[in-house]
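1. here you go, sequence then predicted model.
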Amino acid sequence: QVQLVESGGGQVQAGGSLTISCAASGRTFSSYTMGWFRQAPGKEREFVAAISWSGGSTYYADSVKGRFTISRDNAKNMVYLQMNSLKPEDTAVYYCAASTNRLSRNSYYAIKYDYWGQGTQVTVSS
C-alpha cells in the first residue's frame, strides 16, 4: 500500500517553468514504477511521463518530450516532474501514480497503475 500526495502546482506564464512533486508513503516505494498523468477539463486523463523503480529508465509522451523531465529520489520517497517551456495546452490537473508493474510500454496506460494521488492544478497562461 502506498499513499501519494502531489504538491507544487500553480499558475505560470507560457514559456515558464514549474516543478511539481509527489510524496509517497510506504517502505516499498523504491519497488514501484512511478508515473505522471494529466487531465484537462473535458478531456480524458493522459499519460505524461513514467520512471522505473531505479530511475534509470524513463518514458515520455511525445507532447512533452524535450520539455519535461521526470525524476525520483528513493531515499526521500519523492517523484518530481520538472516542466520547462510550458504552453497553455499543458494546463491540467496533474496526477502522480504508482504501479507494481515494471516499466514497459504498458506504463502509458492509466489502468496499469495501482495507486493515485489527488492531483495538483497547473495553469499556464498565454
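-> Now that the structure is in, tell me what you want to look at.
2. what is the residue positioned nearest the centre of the chain paired to in the beta sheet?
-> Taking Cα atoms, centre = their mean, the centroid of the chain lies closest to Trp36, which sits 2.1 Å from it. Per DSSP bridges, the residues bridged to Trp36 are Ala49, Cys96.
3. and it, how far from Arg27?
-> 22 Å (Cβ to Cβ, to the nearest Å). For glycine as for every other residue, the C-beta is placed from the backbone atoms N, C-alpha and C.
4. mind jotting down where the helices sit in this structure?
-> Assigned helices in the chain: none (criterion: DSSP state H).
5. for Ser25, which residues are in contact?
-> By Cβ atoms under 8 Å, 6 or more residues apart in numbering, Ser25 lies in contact with Val2, Gln3, Leu4, Asn77.
6. for Gly66, state which of those residues is nearest.
-> Distance to Gly66, by Cβ to Cβ, is smallest for Leu4 among the contacts of Ser25, at 26.1 Å.
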